[in-house]
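>>> sequence first, predicted model second:
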Amino acid sequence: MVSSSTASAQVREETSKLPPLPEIHVEIPRTPVRTGTSDTLSTLTENVSPATLVPERSFRGPHSRNPSAGAHSTTSAKKITNGRSRAPSEATLAPPATSACVSTHRFKGASSYTLESNQSDDALKPDPGSEKDFAVLNNKFAFAPGHLNKMLNPKSLSAFIALGGLSGLEIGLRTDLDVGLSMEETELSGSVSLQEVTKQYRKLRGVDVSGLPRPVEVRHVDLTDSGASGSGSHSKDAFYDRKRVFSPNTLPPKKPISFLSLMWQAYYKENVLILLTVAAVISLALGLYETFGVDHGPGAPPSVDWIEGCAICISIFVVVMVGAVNDYQKERAFVKLNAKKEARDVKVVRSGKSFTLSVYDILVGDVLHMEPGDLIPADGIFISGHNVKCDESSATGESDQMKKTGGEQVLRLLERGHSDSKDLDPFIISGSKVLEGVGTYLVTSVGVNSSYGKILMAMRQEMEPTPLQVKLDGLAKAIAKLATVASFLLLLVLLFRLVATFPGSPLTPTEKASKFMDILIVSVTIIVVAVPEGLPLAITLSLAFATTQMVKMNNLVRILKSCETMGNATTVCSDKTGTLTQNKMTVVTGTILGDSFDDKNPGAADNRSSKFAERLNSEQKRLLIESIAINSTAFEGDGGEFGFVGSKTETALLGFAKNALGMDSLSQERTRAEVVQMLPFDSSRKCMGAVHKLPNSTYRLLVKGASEILLGYSSTIALATGIVPLDHLQAKQIEKTIESYAEQSLRTIGIIYRDFPQWPPRGAENPDDLSQVADLGSLLESMTFLGVVGIQDPIRPGVPEAVAKCKHAGVIVRMVTGDNVVTAKAIAIDCGIYTDGIVMEGPEFRQLSDEDMDGILPRLQVLARSSPEDKRVLVTRLRKLGNIVAVTGDGTNDGPALKAADIGFSMGIAGTEVAKEASAIILMDDNFASILTALMWGRSVNDAVQKFLQFQITVNITAMIVAFISAVEDPNMRSVLTAVQLLWINLFMDSLAALSLSTDFPTEEILDRPPTPRSASIISLTMWKMIVGQAIFQVTATFLLHFGGPKFLPYPENEMRSIIFNMFVWLQIFNQYNNRRLDNKLNIFVNIHRNYYFIVLNVVMVGCQVVIVFYGSTAFGIVALSGPQWGISIVVAVLCMPWGVCVRLFPDAWFAVGAEIFGAPFVAVYRPTRRVMGRVWGWIKGKVGRKAKGGGNGGLMIGDSTSDDGESYVGNGKSAVQTVRGGEDIEKREL
């Protein structure tokens, strides 16, 4: 055995051999070290700022550690220091004798503790690279962020002890474990030293500190720009020093990619643009040479061919700019989405009162409440509570549930030599989830200093492509392959023609090279125009617009793909409470102690709850009040005398106890009772419990929950005359009462209790904690039935109408609730959910085989008395039957069901943080009608993309045909649309049109059609009809003017080309109106007055085209047009709108027959061409060192992305676009 002094000497000797820390100035603390053995804790607070002292209050939380806590006098140094009077046993607590040895013991498991000697300097020694976390300018606290991090990275009991344990943290952080931070705190004066806190802590525990080494303390290093202490410049800034030293609970924004970098990315990922740039530069060089390097004859005008090359370069620059702006907007939208989805409220104690604060407002030193379902927002040390267990798998990788023990209880266990790691965990890890239990903890690290903050900083997420983006990327690649074939054929044809003219040609070599470059530029430009780069922009814009509008309508989209998936939902599984109902619960009737009351019936004046309460004696009232107040996790809020915060069922019961039974302040009721154990809500048994010690030293178990289930646990009943055995007739009468309440759409809650001579009862101990009971279920027998109450929760206004609209849209609505079958059926009828389908209870449902379940599910409308597991099974089976399922959930146990669904909706008000994390969309008002809003916007997103796709493919087909045929036919091998003109059309349709067609608000008409199946093609038959019809009109109009114009219009060739270009652009402007509809209805102007984006962008398009025609003649190769010429351009173009009416009136069935006949030759040519081009591109990419597998962009696309099995998905279902790995081809099967 090594003595304490010997161990200390060894530590000092080993420490002296260590090299000094780099660039860290270690100074003696300004506060002198006191050596007297009679020092008290009051020495630590001589310099404490009066602003941090908490005024005297008489508050105690529902689960306070010390019943006597509450009053805090500003004149008592001891109470000022620690915020409460300590029990005598605490003052004599000493570390275990074995802790004097310098040793290391590591427990098993991923989250094992580093249990080193609390007398070792290493416990708080900075790790290499973290020295700056220990250095803070003008630190008013005993600790720097680095000291606090040593407790949790990894979990270290030695660091916890070295910091003074829970009491040391309380003193050093200048907070109070009972009343929290003072709301009046601003800039602090004075300071507390680390050495004093730990020294006084050890003296308090009776440990000889004379031979202990001084803890590592790195202070007063100038690392910030803050002013000097006491300057008064921040005297009005709340928690100024606390935020300065420990940082707020926010992460610094991710360093954005510079705009120049985005431009470079938008450029280099497009091989076609690079090729076009090379060709344009060569053309520019040749043009400049022809203009300035060749001697032109007298009077001969110099060539201006260089202008086209220059214009192409400028056009490429504009295209790249648009792409960069698109990426920039996408990054901004993702940042905003992350900020919204991470925002939430937490329960905190400040100045002795409970509040709900934004998670961003949490500070080091705060005292936070924990409940099942909470997502831990900051690191800390557990203070006290009941049976708290956490899931730390996402934070530490530990898969087991981690039971938490209070910080002071851990020290007591260590004093006894306890070494079981399961009982020595006071550490609360940010990012973990509370699975069960309630309690409070002291926040020690927030923001970038917290465990989860460090993980998030190292794992900044990038925006992932949505399934629709993946699907459209494949379609765009298929179109690009076709365009490449057309471009290659055009290049071959024109090249052969050019070479054929060389023999005997008077052209100089420079002029021949210039003509070749003209041919190459036109050929490459066809690819640029044909590839629909605007598709990702259309998706991004439509999703950004939809999610922004959905937030205004109480839908917070956490996962982007859920927005588009919701548009195809076929079934919704909805909770009842708070979603279909208002969640404004009130106790309106009840049968208690053999008596009853009814506040629902206005005529029953003598049977009101107030009259009922008058008939109870004081003992009966006390029993009822304790059953409600003690067995509850709700607490008094700051909203007035009768304001309660928590579960709506519990607040309804508390309101009844307050108003009818005359309950005192909730905190006083809980202070009066000696609570021994809290038993959280058990979803399988539908009940929760609490145990308190009675004055006669017996223990009473109070249970409340589902009335018919609790009735089954009872063997006696409490009546006004006393407790009697519960016979069959009485049980039947109570069952009839419960059924009667349920038929009135009331939620029934039963109350039972049982007394025990000792706690925990013999044989029911928890092996992990012998002072607690293992399981509530083992005690639910021989209970005494106290009574049942009926709670009214009115149906939300608009819910029946929303359910009816969902049914009209082809979406089946099912109710999944924990209420009994009678109540559930009654409310389902009121909501319009239940018609002639099947109503089933959870216990019966879970006994079904898969075959029986599949037969019942199509007609199942109500699932009552269901557990979260029943909900998960229901969702899973529905999806296997081909449904796209949306489900709502608010509890921690709903997480698996929310994850299993295609779209998970969590409740923004009543939902736990775990449920919100598992969900895709948060209903901020907990209202079912908001699900209908999500459905409409989901369909609107898909419609917006399809509208743009219909518009885009029309232009692609037209431009390719016009450019190809006119270039082949022209003697000079020039296309009627030049490269610059084609690039302007490409920019025009890719950007402005994408924005204008992506911003339509959804209308009620969007619900007139059924959901789109998973396997449906993204381009419907009606869309193909419009695409082909408009392409025929545009090609015909263009060729009539090009080939026939000179015969009936007296204009020279350059003017005719200008008219054709102007008409072609106006065709696209007017065709936008045709594409505002995807069906065969004729009103293309519906709600156009609401879409200000569409109107403004059309004005911009018209303005740009007018400017180009009048002032862009040189760059675009056109001349200014006269009035009649403008008239010809616009009149011909506007005819596409009446032509669109004719196309819509053409029957789809006739078009299908024609498509089958004329499409067969196309498919026969396309498929082998596609395979050949795939192999060619694969060979080219292999030659330039790119991978031929894994979704490379092939030089054509801007984001190929496929699933692991080689197929693209939309809404988790197979799309009509499939990736063929063999040559990175994509085949549009239903093209």
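Right, received. Where do you want to start? In this text the structure is predicted, and so the values were computed from the model without any measurement. Numbers count the residues shown, from 1 in each chain.
>>> and the residue nearest the centre of the protein?
residue 558 (3.1 Å; Cα atoms, centre = their mean).
>>> isn't it up against residue 918?
No. Using Cβ atoms under 8 Å, residue 558 makes no contact with residue 918, being 9.8 Å away. Heads up, the C-betas are built off the backbone N, CA and C, glycines and all.
>>> walk me through the domains of the protein.
If you go by automatic domain parsing, the domain ranges for the chain are 4-246, 261-332+465-548+935-1183, 348-458, 556-580+795-926, 586-792.
>>> residue 252: which of those domains is closest?
Of all the domains of the chain, domain 348-458 sits nearest to residue 252, with 6.8 Å by Cβ to Cβ.
>>> report the distance from that closest one to the chain centre.
23 Å (Cα atoms, centre = their mean, to the nearest Å).
>>> contact partners for the closest residue to residue 507 other than its chain neighbours?
Computed as Cβ to Cβ, 6 or more residues apart in numbering, the closest residue to residue 507 that is not its neighbour in sequence is residue 515, at 7.4 Å. By Cβ atoms under 8 Å, 6 or more residues apart in numbering, the contact list for residue 515 reads 498, 507, 973.
>>> in strands, which of those residues appear?
Assigned to strands by DSSP state E, none of the contacts of residue 515 qualify.
>>> can you give me the pLDDT of residue 1146?
For residue 1146, the pLDDT comes out at 93.
>>> my error: substitute residue 1025 in the last question.
At residue 1025, pLDDT is 94.
>>> residue contacts, it?
Taking Cβ under 8 Å, 6+ apart as the test, what residue 1025 contacts is 1143, 1146, 1148, 1151.
>>> list buried members of the residues you listed by neighbour count.
1143, 1151 (16 or more other Cβ atoms under 10 Å).
>>> in the contacts of residue 1025, find the pair that's most separated.
1143 and 1148, at 10.7 Å, using Cβ to Cβ across the contacts of residue 1025.
>>> from residue 802, how far out is residue 929?
4 Å (Cβ to Cβ, to the nearest Å).
>>> to clarify, my last question referred to residue 321.
Taken as Cβ to Cβ, the span from residue 321 to residue 802 is 44 Å.
>>> and the two? Which one has more around it.
residue 802 (22 against 17; other Cβ atoms under 10 Å).
>>> check contacts around the more buried one.
Contacts of residue 802 by Cβ under 8 Å, 6+ apart are 928-929, 931-932.
>>> okay, and it sits in which element?
helix 799-808 (DSSP states H and E).
>>> residue 905 too?
strand 903-907.
>>> paired strands for that strand, with orientation please.
Sheet pairing for strand 903-907, assigned by DSSP bridges, gives strand 885-889 (parallel), strand 921-923 (parallel).
>>> mind checking which of those strands is nearest residue 195?
strand 921-923 (47.6 Å).
>>> for that closest one, give the mean pLDDT please.
Mean predicted confidence for strand 921-923 is 89.
>>> list the contacts of it.
341, 554-559, 562-563, 566, 579, 888, 903-908, 911, 916, 930-931, 934.
>>> what do you get if the cut-off is 7 Å, keeping everything else the same?
With Cβ atoms under 7 Å, 6 or more residues apart in numbering as the test, strand 921-923 has contacts from 554-558, 562, 903, 905-908, 916, 930, 934.
>>> between those residues, which has the most around it?
For these, the largest number of neighbours (other Cβ under 10 Å) sits with residue 905, at 32 neighbours.
>>> how much space between it and residue 810?
For residue 905, the distance to residue 810 - Cβ to Cβ - is 19 Å.
>>> and what of residue 245?
According to Cβ to Cβ, residue 245 stands 58 Å off from residue 810.
>>> more neighbours: the two, which one.
Between residue 245 and residue 810, counted using other Cβ under 10 Å, the more crowded position is residue 245 (21 against 15).
>>> quick check: that one touching residue 139?
Yes. Counting by Cβ atoms under 7 Å, residue 245 touches residue 139, with 5.8 Å between them.
>>> out of the contacts of residue 1025, which sit inside strands?
Going by DSSP E, the strands hold none of the contacts of residue 1025.
>>> can you flag which of the contacts of residue 1025 belong to helices?
1143, 1148, 1151 (DSSP state H).
>>> which element follows the host helix or strand of residue 958 toward the C-terminus?
For residue 958, the host element (DSSP H and E) is helix 929-969. The helix or strand immediately downstream of helix 929-969 is helix 979-987, counting by DSSP H and E.
>>> ok and that following helix relative to helix 929-969, angle-wise?
170 degrees (axes from the mean of the first three to the mean of the last three Cα atoms, to 10 degrees).
>>> quick one: contacts of helix 979-987?
Residues contacting helix 979-987 (Cβ under 7 Å, 6+ apart): 308, 311-312, 315, 318-319, 322, 521-522, 525, 528-529, 955, 959, 963, 1061, 1064-1065, 1068, 1115-1117.
>>> circling back: export the strands paired with strand 903-907 to CSV and tack on distance to residue 1135 and mean neighbour count?
Below are the strands paired with strand 903-907 laid out as CSV (distance: least, Cβ to Cβ, whole Å; neighbours: other Cβ atoms under 10 Å):
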stretch, distance to residue 1135, mean neighbour count
strand 885-889, 45, 29
strand 921-923, 44, 27
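>>> so for residue 128, which of these sits nearest?
Nearest to residue 128, of the strands paired with strand 903-907 and by Cβ to Cβ, is strand 921-923 at 42.0 Å.
>>> in the stretch 751-900 of the chain, what spans have low per-residue confidence?
Within the stretch 751-900 of the chain, the stretches with pLDDT under 70 are 766-771, 774.
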